[in-house]
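# mind folding the following:
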Amino acid sequence: MLRLGQVLRSVALTPFRCLSGGKSHGDVLPQSCDVLIIGGGGMGASSAFWLKSRIQQLGKKLNVLVVERDAGYTNASTVLSVGGVRQQFSLAENIEMSLYGYNFVVNGQKHLGDVDLCYQPNGYLILASVKGAQVLAQNSKLQNELGARNELLGPEALRSRFPWLSTENIELGCHGIDKEGWFDPWALLMGYKKKARTLGAHFSSGDVVGFEWNSSGALSAAVVDVGDGVQRRVKFDTCVLAAGAHSGQVARLANIGDPNAKESSLRVALPVEPRKRYVYVFSTQGRNCPGLATPLTVDPDGTYFRRDGLCGNFLCGRSPSDEEEPECDTLDVDHGYFETDVWPTLANRVPAFESVKIQSSWAGYYDHNTFDANGIIGRHPHYSNLFIAAGFSGHGIQQTPAVGRAISELVIDGKFTTIDLSRLGFERLVNKQPMIEVNIV
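Model prediction:
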């Protein structure tokens with residue numbers, strides 16, 4: 001199974017294998033730290049990088065510890081994603097975070113040193129039926145006003161630009177002509193981790209299984225199981241919860257979501273849970289096939305595809321409906337789902353895909369926010385020393401640069417100083433004010 005089965009991506013893995021494998025169990029778990037980050041995936045590693053980078057610029061010191069339960073990142077959402085970056089969102093915050101994500105990725109060596117993120121600037125093409133055309137046009141207007149670059153194309157223009165495309169039941173397409181594409185998420189993660197370590201951050205392997213409180217009721221320590229049968233206590237001043245799909249579970253350990261809690265904000269759960277998503281890699285012998293510069297194309301029903309490397313392969317997927325959500329006990333792939341739900345759309349939209357052959361496949365987890373499918377970023381209203389970065393529901397990898405920076409601002413400056421992400425805070429859960437993102441893929 002080729003989880004990262006792409007020529008351009010595999011090249012980037014070579015120099016980093018030793019970094020991940022050489023210290024598979026990480027650093028020795030210390031007894032205390034200034035900032036404990038729970039989760040060493042994209043959000044956690046980015047937060048560590050930004051905290052250490054900014055505190056060094058200020059000439060100060062900050063002891064940052066990252067604890068990750070999956071030392072080899074075998075099941076980590078970050079490395080099992082398809083690594084897309086796009087500004088085709090409906091919320092200003094998501095557009096601005098992804099604009100910064102693009103800038104960070106294309107300037108990766110400036111930020112992270114000797115790292116090749118293998119960025120492919122092929123854009124996104126999001127298609128809409130008559131029902132969705134007006135919303136697509138409205139979103140495009142906002143995106144371009146905020147600095148994105150995309151164009152609206154009708155059926156005739158779509159056929160002219162993309163002759164492999166069938167425009168049956170398509171009213172409008174939005175094509176990203178700049179600042180959109182995809183990159184290697186493994187290389188980005190390892191780049192964060194290597195740079196953060198160079199700056200003095202520590203990465204330890206372990207599973208947070210509990211918390212401790214001080215006499216005033218504030219969180220003061222985490223209980224960590226490092227796999228040797230002994231649970232260890234790590235004291236901290238500040239905690240960042242960035243545990244991806246498991247963030248809701250960790251939050252419950254801090255009594256967040258306890259229906260019997262006296263404080264009303266503690267009765268509200270962190271609504272983040274794993275949702276399994278399949279990615280299929282296929283080839284085709286069909287004629288008039290999409291070329292190397294093909295954008296990541298999204299059908300109105302949510303089915304997406306893009307080129308995968310230089311050898312004629314494509315990758316694809318589709319998020320199931322709520323009624324079709326698969327069990328998350330394992331990362332086994334359901335190939336029947338491809339046959340019944342994904343391939344029919346592919347064949348209808350691209351005639352060259354009428355006859356395809358699956359080459360490989362994998363599954364990964366979305367850290368799904370069941371409240372509004374949007375990231376939760378900021379300080380917890382009850383625990384003043386707990387910051388949350390979770391629930392990005394499939395579009396998190398491209399936003400790791402902006403979210404990590406935002407977490408560092410809250411910890412060091414006490415407020416957002418670049419992008420104002422206040423509307424994405426935990427308070428919206430307490431106040432029952434969802435921030436709905438229309439463009440979830």
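# can you show me the helices along this structure?
7-22, 42-57, 92-106, 108-112, 130-145, 155-161, 185-198, 247-253, 335-337, 343-349, 400-412, 427-430 (DSSP state H).
# and the first one, what's its mean pLDDT?
Rounded to a whole number, the mean pLDDT of helix 7-22 is 40.
# try the third one
Here the mean pLDDT over helix 92-106 is 98, rounded to a whole number.
# kindly report the same for the fifth one.
Averaging pLDDT along helix 130-145 yields 97.
# the inter-axis angle of that helix versus helix 92-106?
Orientation of helix 130-145 against helix 92-106 (axes from the mean of the first three to the mean of the last three Cα atoms, to 10 degrees) gives an angle of 60 degrees.
# next up, the contacts around the residue lying closest to residue 359 once chain neighbours are set aside.
Distances taken as Cβ to Cβ, 6 or more residues apart in numbering put residue 281 closest to residue 359, at 4.8 Å, once the chain neighbours are dropped. (Glycine included, C-beta is placed from N, CA and C.) Taking Cβ atoms under 8 Å, 6 or more residues apart in numbering as the criterion, residue 281 is in contact with 2, 5, 308, 313-315, 358-361.
# what do you get for residue 106?
So residue 106 contacts residue 119 (Cβ under 8 Å, 6+ apart).
# center of this structure - which residue?
Closest to where the C-alpha atoms of the chain average out (Cα atoms, centre = their mean) is residue 396, at 2.3 Å.
# that one contacts residue 44, doesn't it?
No. Residue 396 is not in contact with residue 44 according to Cβ atoms under 8 Å; the separation is 11.3 Å.
# counting neighbours, what do you get for residue 28?
When neighbours are counted by other Cβ atoms under 10 Å, residue 28 registers 8.
# got the contact list for the closest residue in space to it that isn't next to it in sequence?
Spatial nearest neighbour of residue 28, excluding adjacent residues (Cβ to Cβ, 6+ apart): residue 204 at 7.0 Å. Each residue near residue 204 by Cβ under 8 Å, 6+ apart is listed here: 26-30, 65-68, 224, 226.
# out of those, which end up buried?
26, 29, 65-68, 224, 226 (16 or more other Cβ atoms under 10 Å).
# from these, which two are the most distant?
Spanning the widest gap among these are 66 and 226, at 13.7 Å by Cβ to Cβ.
# locate the residue of the chain with the greatest distance from its centre.
residue 215 (36.6 Å).
# next up, the contacts around it.
Contacts of residue 215 (Cβ under 8 Å, 6+ apart): none.
# coming back round to it: return the item of the buried ones among the contacts of residue 204 having minimum pLDDT.
residue 26 (87).
# what sits against that residue?
By Cβ under 8 Å, 6+ apart, the neighbours of residue 26 are 68, 71, 202-205.
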